[in-house]
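Visitor: Turn this into a structure:
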Amino acid sequence: MISHVLGLTRWEWFKIRRRWLPWILLAIAILISQVILWGFYAAFHLTDGSIGDLIPPYEYASNQGVIEVTCEELLQGATVEQKASVLSPQEQDDFFTGLHEWTPSCEGYTTTDESRAFFTLPVSAALSLFMLFSFETGAFGIILLLILTASAMGSEYGWGTLRASIASGPGRAQFLASKMLAMVFIGVGAILVIVLITTLTSLLALLIPPAESGSIFLSGQWGNAFVFLGKTIYAIIPFVAIATFLTILTQSSAAGIGLSLGYLIVEWLVLPPILRINDTFEKINEGLLNQNVIEWMFAGNTQAAETLDIARTPDTLQGFLVILAYTAVFTAAAFWLFLRRDITGAKGG
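Guide: Prediction:
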């Protein structure tokens with residue numbers, strides 16, 4: 001049974017690799033990851049290593065004029081106190097109230113060493129995956145995976161090859177399992193390719209002018225990088241199940257892609273602000289897949305967040321369990337629908 005499914009999965013790869021779409025989507029993912037890495041590289045050198053200074057400062061309009069506080073000054077503490085000393089007691093209260101509300105903006109403030117790490121191994125490889133697959137940064141990798149999965153499954157309906165494929169030997173369950181497994185393997189392969197290319201370009205970034213004074217590798221970070229690689233692979237699995245189910249439901253590539261992306265947008269952008277209306281709905285929001293992927297793929301706190309006591313403590317166990325639940329539910333739904341529905345001829349689209 002397992003060997004049969006793996007054989008079918010291998011055959012799925014031979015079919016898919018002949019199409020243009022997977023290679024185009026891979027090229028897009030690689031391009032995005034490289035734009036991210038070289039963007040951090042350029043920002044680091046254009047700002048002399050002070051990427052954190054790009055965060056807009058806090059501004060307070062007083063009788064003495066406009067007082068500005070940067071994240072670096074906020075971390076120094078004494079500088080802020082000195083600036084506030086020229087204000088009246090009432091103005092000081094208003095000044096520090098506004099400063100307290102602005103403080104979370106400095107969560108992303110990075111030191112020179114942290115900024116350099118963005119294009120230095122192994123942090124650069126982990127960061128490229130985070131920027132591609134996290135909902136906090138656009139989830140472009142997940143969008144591309146949904147498109148590929150829906151297209152691969154939907155093409156069987158559109159071209160009318162599904163009936164012939166199943167009639168040639170494999171059972172429906174084995175056929176669908178191989179389809180989904182192939183998508184997961186392709187996703188993993190794409191992730192490894194992105195990591196490999198990021199590794200090579202990270203080395204290139206540190207070897208070309210202007211010369212770098214630091215090490216080309218960051219010690220003590222390799223374990224975290226491998227853990228994050230595993231987290232990324234685990235996080236993509238439910239989206240393969242979702243796209244597969246919605247494509248089987250509609251029996252169409254176009255509709256499958258549309259519904260998959262629509263589901264992603266509704267759960268990611270539409271529902272969260274609505275569910276934050278009260279505490280009861282907020283509990284529902286905590287069970288959404290995108291929210292738990294954010295928790296699961298948490299990339300760590302900056303030194304600024306730790307110092308300012310605004311560091312996040314993600315619930316990775318909940319994230320793990322919710323991702324597992326979504327995977328199980330949508331996989332079961334896809335198999336149930338695929339096994340009981342009649343298979344018709346070509347549908348187009």
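Visitor: Please make it C-alpha for all contacts and neighbour counts, starting now.
Guide: Fine.
Visitor: Hmm, residue 136 is touching residue 294, no?
Guide: Yes: counting by CA atoms under 8 Å, residue 294 is a contact partner of residue 136 at 6.8 Å.
Visitor: the more surrounded of these two?
Guide: residue 294 (21 against 16; other CA atoms under 10 Å).
Visitor: For my notes, confirm that one occurs in a helix.
Guide: Yes: counting by DSSP: H, G, I helix; E, B strand; the rest coil, residue 294 falls inside a helix.
Visitor: What is the burial count for residue 300?
Guide: Residues near residue 300, counting by other CA under 10 Å: 12.
Visitor: Can you point out the helix or strand that includes it?
Guide: Take DSSP states H and E as the rule and residue 300 turns out to sit in neither a helix nor a strand.
Visitor: Now it: phi and psi?
Guide: phi 110, psi 160 (degrees, to the nearest 10).
Visitor: Roughly how far does it sit from residue 310?
Guide: 12 Å (CA to CA, to the nearest Å).
Visitor: before we move on, what about residue 245?
Guide: For residue 245, the distance to residue 310 equals 40 Å [CA to CA].
Visitor: quick one, helices of the stretch 101-250 of the chain?
Guide: Secondary structure of the stretch 101-250 of the chain (DSSP state H, counting those that start in this stretch): helices at 112-117, 123-133, 140-158, 162-167, 172-207, 222-250.
Visitor: Compare the mean pLDDT across the ones you listed and name the weakest.
Guide: Within the helices of the stretch 101-250 of the chain, the stretch with the lowest mean pLDDT is helix 162-167, showing a mean of 72.
Visitor: Buried residues in that one, which are they?
Guide: Neighbour counts over helix 162-167 (16 or more other CA atoms under 10 Å) mark 162-163, 166 as buried.
Visitor: now stretch 319-327
Guide: Applying 16+ other CA under 10 Å to stretch 319-327 flags 319-320, 322-324, 326-327 as buried.
Visitor: Quick check: of these, which lies closest to residue 172?
Guide: The nearest member of the buried residues of stretch 319-327 to residue 172, counting by CA to CA, is residue 327 at 19.4 Å.
Visitor: which residues touch that closest one?
Guide: Contact analysis of residue 327 by CA atoms under 8 Å, 6 or more residues apart in numbering lists 237-239, 241-242.
Visitor: Tell me if it really is in a strand.
Guide: No: Residue 327: not assigned to a strand; according to three-state DSSP it is helix.
Visitor: Could you say which helix or strand holds residue 15?
Guide: helix 2-16.
Visitor: quick one, that helix and helix 172-207 angle?
Guide: Going by axes from the mean of the first three to the mean of the last three CA atoms, to 10 degrees, helix 2-16 is angled at 60 degrees with respect to helix 172-207.
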